[in-house]
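S.K.: my questions concern the predicted model and sequence given below.
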Amino acid sequence: MPQIDLSFLLEDPSEAQRSGTLRVEALAPLSMNTSVPGKHFQTEVVPPERQLYGMIENAFGLHFGWSKGAFGYKLKQSLADEAAADVSISGMRSRDYQPLAAPFYDLSVMETPETETYDDTQWLHKWRDTAQVRASASNHDWRATQDRPENYGYGKTPIQREHVVADGPWIYKVSTTEAAGQALQKALQAPRGPLYLGTSDGWVDAQFSLNR
């Protein structure tokens, strides 16, 4: 896998003098919810910018977890500090996520495909943490109780989730720097992580090219 030069993250993103074209095409139905849902997950029909930046950071291998002790978190924070980026990395939940790459790519949608939506019932998997498990974590009986399957595991709840099916790609004009544009082009040719929008099974194909 070819190396990607991420030194552009230390540049001033206001020096953007190049433009390019980003094409994002759904390979599966997408559920691109942006708000905390109630009983029904409703999708956006145009990919939210926050999710596009998450996809870009996945391609770079920069989309880390949120534990403050994690190596990825520390690396991302140090890059933000050194670049004097106006980005907060303090959020510990996915909805607090703020992409480090966002200042380097100004996205403007130019074309949108025809879309249609449908509802589907899916299973929401959630870790079941019972009172007995929480209590046993702080005493010497933990070893005796941790192997009992009735004490913990994944619960399942049916939910209604709306999906969008797109007939063609979303096309964006991207204002960027020379180095950031070259890096994005290489990253999308051989991404370091899966490219998806919304849920992790909302796979997409994305290509970027600098305009001449």
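M.R.: Alright, I've got the coordinates. Numbers count the residues shown, from 1 in each chain.
S.K.: identify the residues contacting Asn211.
M.R.: Asn211 is in contact with Arg18, Ser19, Gly20, Thr21, counting by CB atoms under 8 Å, 6 or more residues apart in numbering. C-beta here means a position set from N, CA and C on the backbone, and glycine is covered the same way.
S.K.: closest one of those residues to Gln189?
M.R.: Gly20 (13.6 Å; CB to CB).
S.K.: which parts of the helix or strand harbouring that closest one are buried?
M.R.: Gly20 is part of strand 18-26, with elements assigned from DSSP states H and E. For strand 18-26, burial by neighbour count (16 or more other CB atoms under 10 Å) applies to Arg18, Gly20, Leu22, Arg23, Val24, Ala26.
S.K.: distance of the residue nearest to Pro194 when sequence neighbours are not counted relative to Pro191?
M.R.: Ranked by CB to CB, 6 or more residues apart in numbering and with sequence neighbours excluded, the top spatial neighbour of Pro194 is Asn58, at 6.3 Å. For Asn58, the distance to Pro191 (CB to CB, to the nearest Å) stands at 7 Å.
S.K.: where do the helices of this protein begin and end?
M.R.: With DSSP state H as the criterion, the chain has helices at 49-60, 71-82, 131-136, 142-145, 178-189.
S.K.: picking that back up, and the strand holding Gly20, which strands flank it?
M.R.: strand 170-176 (antiparallel), strand 204-210 (antiparallel) (DSSP bridges).
S.K.: what comes into contact with it?
M.R.: Contacts for strand 18-26 (CB under 8 Å, 6+ apart): 47, 52, 55, 107, 110, 164-166, 168-178, 181, 184-185, 197, 202-211.
S.K.: repeat for stretch 105-121
M.R.: 16, 21-22, 29, 40, 43, 45-46, 49, 52-53, 56, 158-176, 180, 184.
S.K.: list the buried residues in it.
M.R.: Tyr105, Leu107, Pro113, Thr115.
S.K.: ok, the nearest residue to the third one once chain neighbours are set aside to Asp205 distance?
M.R.: For Pro113, the nearest residue in space outside its immediate sequence neighbours is Gly168; the separation is 3.5 Å by CB to CB, 6+ apart. Here the distance between Gly168 and Asp205 works out to 12 Å (CB to CB).
S.K.: one step back: any of the contacts of stretch 105-121 buried? List them.
M.R.: The neighbour count (16+ other CB under 10 Å) marks 16, 22, 29, 43, 49, 52-53, 56, 161-164, 166, 169-170, 172, 174-176, 180, 184 as buried among these.
S.K.: wait, isn't Ala101 in contact with Ala59?
M.R.: No - Ala101 is not in contact with Ala59 according to CB atoms under 8 Å; the separation is 9.4 Å.
S.K.: if we can go back for a sec, would you turn the buried residues of strand 18-26 into a markdown table with distance to Ser35?
M.R.: Listed next are those as a markdown table, based on distance: CB to CB, whole Å:
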| residue | distance to Ser35 |
| --- | --- |
| Arg18 | 34 |
| Gly20 | 30 |
| Leu22 | 25 |
| Arg23 | 27 |
| Val24 | 21 |
| Ala26 | 21 |
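S.K.: dump those into CSV; add pLDDT and distance to Asn33 as well.
M.R.: Below are the buried residues of strand 18-26 laid out as CSV (pLDDT from 0 to 100; distance: CB to CB, whole Å):
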residue, pLDDT, distance to Asn33
Arg18, 95, 33
Gly20, 97, 28
Leu22, 98, 22
Arg23, 98, 23
Val24, 98, 17
Ala26, 97, 15
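S.K.: before I go, just wanted to say thanks for your time.
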